[in-house]
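Visitor: Take this sequence and fold it.
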Amino acid sequence: MTKGSNNRNTGVGFAPDKDKVIQLEKKPAVVSFILFSSEAHKRLADHFLDDYHYIIVHSSQDISKIYSKVVYLFVDFIDRNIILEAETETQQIKRETVETIRHIGGTPVVIYRLHSESRNLENGKLNSDKLNSIQSHPTFRDLSANNYVFSIDKKFTEYQRTNLTKFLEN
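Guide: Coordinates of the predicted model:
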């Protein structure tokens, strides 16, 4: 297959019934939350994926398009340094997306982009020690414990790229 994305408009449905069995696809998904950054996210994904579904998530309805076993979620740096929203935030689309992927049995891999302190990560590091939200946010802490959290400035290290593809082996 060729590199790049193939978008499909059907999916698992948001918050499926707990008795409903969902057949997840082996073909991974790449998710963006901001249209403006979508091309940069696809270029980064092309560095470690040959073929994937590409989805932009703006609302809960968009989450229903995600039906892949492994989902790479690109989150860009913002001034408040919020990667996954807390329960007290008004908008919780990133957190809701991660929780839905976990609920259906998928693996959410969060890639935090444009974090300048992640520019020169030492070998063996997937993310920057300076990201305090990783330890303070319960969902994020759990994802990090399973090596599902990556932070970059504009490109991946070779170590990160190798680890990003390990999720596809199962």
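Visitor: now the lowest-mean-pLDDT helix or strand in the chain: how far from the chain's centre is it?
Guide: Ranking every helix and strand in the chain by mean pLDDT, DSSP states H and E puts helix 133-136 at the bottom, with a mean of 73. Relative to its parent chain, helix 133-136 has a centroid offset of 16 Å by C-alpha atoms, centre = their mean, to the nearest Å.
Visitor: I'd like to know which elements it is packed against.
Guide: helix 138-145 (3 or more C-beta pairs under 8 Å, 6 or more residues apart in numbering; DSSP states H and E). C-beta here means a position set from N, CA and C on the backbone, and glycine is covered the same way.
Visitor: make it 10 Å
Guide: strand 107-113, helix 138-145, strand 149-151 (3 or more C-beta pairs under 10 Å, 6 or more residues apart in numbering; DSSP states H and E).
Visitor: how about the helix or strand where residue 72 lies as PDB, C-alpha atoms only?
Guide: Using DSSP states H and E, residue 72 sits within strand 70-76. Extracted C-alpha coordinates of strand 70-76, given in PDB (Å, rounded to 0.1, in the frame of the first residue of the first chain):
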ATOM      1  CA  VAL A  70      -3.700   1.800  17.400                       C
ATOM      2  CA  VAL A  71      -4.500   5.500  17.300                       C
ATOM      3  CA  TYR A  72      -1.800   8.200  17.200                       C
ATOM      4  CA  LEU A  73      -3.300  11.500  18.500                       C
ATOM      5  CA  PHE A  74      -1.300  14.600  17.700                       C
ATOM      6  CA  VAL A  75      -1.700  17.400  20.200                       C
ATOM      7  CA  ASP A  76       0.000  20.800  19.600                       C
END
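Visitor: Settle this for me: residue 111 is touching residue 143, isn't it.
Guide: No. Between residue 111 and residue 143 there is no contact under C-beta atoms under 10 Å: 11.3 Å.
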